[in-house]
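*Asks:* have a look; sequence and predicted model below, questions after that.
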Amino acid sequence: MQRVLQHLVGIIAMVLILATSFLRPAQADKAVTYPLVEKHSHTSYTETIPGTKVKFEMIAVPGGTYMQGSPATEKGRNADEGPQHPVTVKGFWIGKCEVTWDEFDAYWRGRPGQKEDKEPENPKDADAVTRPTPAYADETFGLGREGNPLICISWHTCMQYCRWLSVKTGKTYRLPTEAEWEWAARAGTNTAYFFGEDPKDLGEYAWYSENSEDTPHPVGKKKPNPWGIHDIYGNVAEFCLDLYDKDYYSKFSLDKPTLQPVNKPAGQRWSHPTRGGGWDSPAAGCRSAARRPSTKDWINLDPQRPQSIWWLTSAEFVGFRIMRPIEEQENLKGFRSLVTRESK
């Protein structure tokens, strides 16, 4: 009887082992549900530009993993938004609002740039960072200055402002990558807009073609997204750090997350992605996944020869937002604009 019991126990143990071995692959292959938002300990803060009374707020954004791009079924989707692929970003801070003329004027107004765009590799003094040359006409195009978002500036100008601000404050400020911008815009959601799939409520959060009256508006007047970021949709389209590539997403794994992707420019003037849509955009252009590349016709009205690398005379809908990494990713340490008047 004892031998029979021992035999039965052995059979049961073998069955359990086999059952476990069959279950493990199924458990390992179980699909991960994104987004995954990490806990974070860094906090939002207010920065005062040294030597001025100009302030701006930076929002603490947690790290995490999400599906970048849009699914094929998303209404208003464009081909350059896919295929969707998982990416992981580390925590950072991002501007609560878009950069305003008040902030930019602390860098530029009254101190036009040199004729030659040359500066030290690692400037110790913020005054050594080159600035925009004088604009051909009113740089605001009569669309408002105080409290209003900066407009009509090139990607190079955004990069130089961030470089100046970094030297001025001793902190690393830069443009967000496309992956960082979309993560901040989505704010832990996976729908077309952070408030859902239907754009019917977009007017509560954004100035866009249906409610803007063909003009940008003072920042921070609309509701923020769930992470406290204002105007991430609409008002002005926001430059990202990357070089635009319509097929860029096809280069990533569709199941294994890519860590902090960035398509680094190498001195090209064109083209760079803008995100979030502007005051002239339809609702579909404001979606979290929507991409709008800069194009040469954004300087069509520029009478200067050669045409300015600082100002976009036909892009009243373009601005930018700054970010600050908690710890800069290795491939962006020391990265700066290499655009010159000879750049294409």
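*Replies:* Thanks, I have the structure now. Residues are numbered from 1 along each chain as shown.
*Asks:* and residue 73, which of the three is it?
*Replies:* Using DSSP: H, G, I helix; E, B strand; the rest coil, the three-state assignment for residue 73 comes out as coil.
*Asks:* phi, psi of it?
*Replies:* Dihedral pair for residue 73: phi -90, psi 0, per degrees, to the nearest 10.
*Asks:* residues near it, how many?
*Replies:* For residue 73, the neighbour count with other CB atoms under 10 Å is 7. Every C-beta, even on glycine, is put in place using the N, C-alpha and C of the backbone.
*Asks:* cool, the one 3 residues further on as well?
*Replies:* Residues lying near residue 76 (other CB under 10 Å) number 16.
*Asks:* on the three-state scheme, it is what?
*Replies:* Recorded secondary structure, residue 76: coil (three-state DSSP).
*Asks:* for the one 10 residues further on, same thing?
*Replies:* Recorded secondary structure, residue 86: strand (three-state DSSP).
*Asks:* and it, bridged to which residues?
*Replies:* Residue 86 has these beta-bridge partners by DSSP bridges: residue 67.
*Asks:* measure it to residue 257 for me?
*Replies:* According to CB to CB, to the nearest Å, residue 86 and residue 257 sit 4 Å apart.
*Asks:* which neighbours do those two share?
*Replies:* Counting by CB atoms under 8 Å, 6 or more residues apart in numbering, the contacts common to residue 86 and residue 257 are residue 65.
*Asks:* how many other residues sit next to residue 230?
*Replies:* 22.
*Asks:* which ones are touching it?
*Replies:* When contacts are counted by CB under 8 Å, 6+ apart, residue 230 touches 96-97, 219-224.
*Asks:* again, but for residue 328
*Replies:* Contacts for residue 328 were tallied using CB under 8 Å, 6+ apart; they are residue 172.
*Asks:* cool, the one 5 residues further on as well?
*Replies:* The neighbourhood of residue 333, defined by CB under 8 Å, 6+ apart, contains no residues.
*Asks:* kindly recompute the last result at 10 Å.
*Replies:* By CB atoms under 10 Å, 6 or more residues apart in numbering, the contact list for residue 333 reads 172, 325, 327.
*Asks:* model confidence for it, exactly?
*Replies:* Looking at residue 333, its pLDDT reads 96.
*Asks:* on that earlier part again, by neighbours, which of the contacts of residue 333 wins?
*Replies:* That'd be residue 325 among these, by other CB under 10 Å, with 21 neighbours.
*Asks:* surely that one meets residue 91?
*Replies:* Yes - between residue 325 and residue 91 there is a contact under CB atoms under 10 Å: 8.3 Å.
*Asks:* on that earlier part again, selection in ChimeraX covering whichever of the contacts of residue 230 are buried, please.
*Replies:* Buried residues among the contacts of residue 230 (16 or more other CB atoms under 10 Å), as a ChimeraX selection:
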select :96,97,219,220,222,224
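*Asks:* let me have the contacts of residue 230 in CSV, extended by distance to residue 106 and pLDDT.
*Replies:* As requested, the contacts of residue 230 are exported to CSV (distance: CB to CB, whole Å; pLDDT from 0 to 100):
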residue, distance to residue 106, pLDDT
96, 17, 98
97, 15, 98
219, 16, 98
220, 18, 98
221, 22, 98
222, 25, 98
223, 28, 98
224, 24, 98
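*Asks:* now do the strands in the chain.
*Replies:* 36-37, 45-48, 55-61, 64-68, 85-89, 92-95, 237-239, 258-259, 273-275, 291-293, 318-319, 323-325 (DSSP state E).
*Asks:* thinking again about what came up before, ok, so of the contacts of residue 333, who is nearest residue 189?
*Replies:* Closest approach between these and residue 189, by CB to CB: residue 325, at 22.6 Å.
*Asks:* measure that closest one to residue 279 for me?
*Replies:* 29 Å.
*Asks:* export the strands of the chain as CSV, with columns for mean pLDDT and distance to residue 121.
*Replies:* Converted to CSV, the strands of the chain look like this (pLDDT from 0 to 100; distance: least, CB to CB, whole Å):
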stretch, mean pLDDT, distance to residue 121
strand 36-37, 97, 38
strand 45-48, 98, 25
strand 55-61, 98, 27
strand 64-68, 98, 33
strand 85-89, 98, 28
strand 92-95, 98, 25
strand 237-239, 98, 23
strand 258-259, 98, 28
strand 273-275, 98, 27
strand 291-293, 98, 29
strand 318-319, 98, 28
strand 323-325, 98, 21
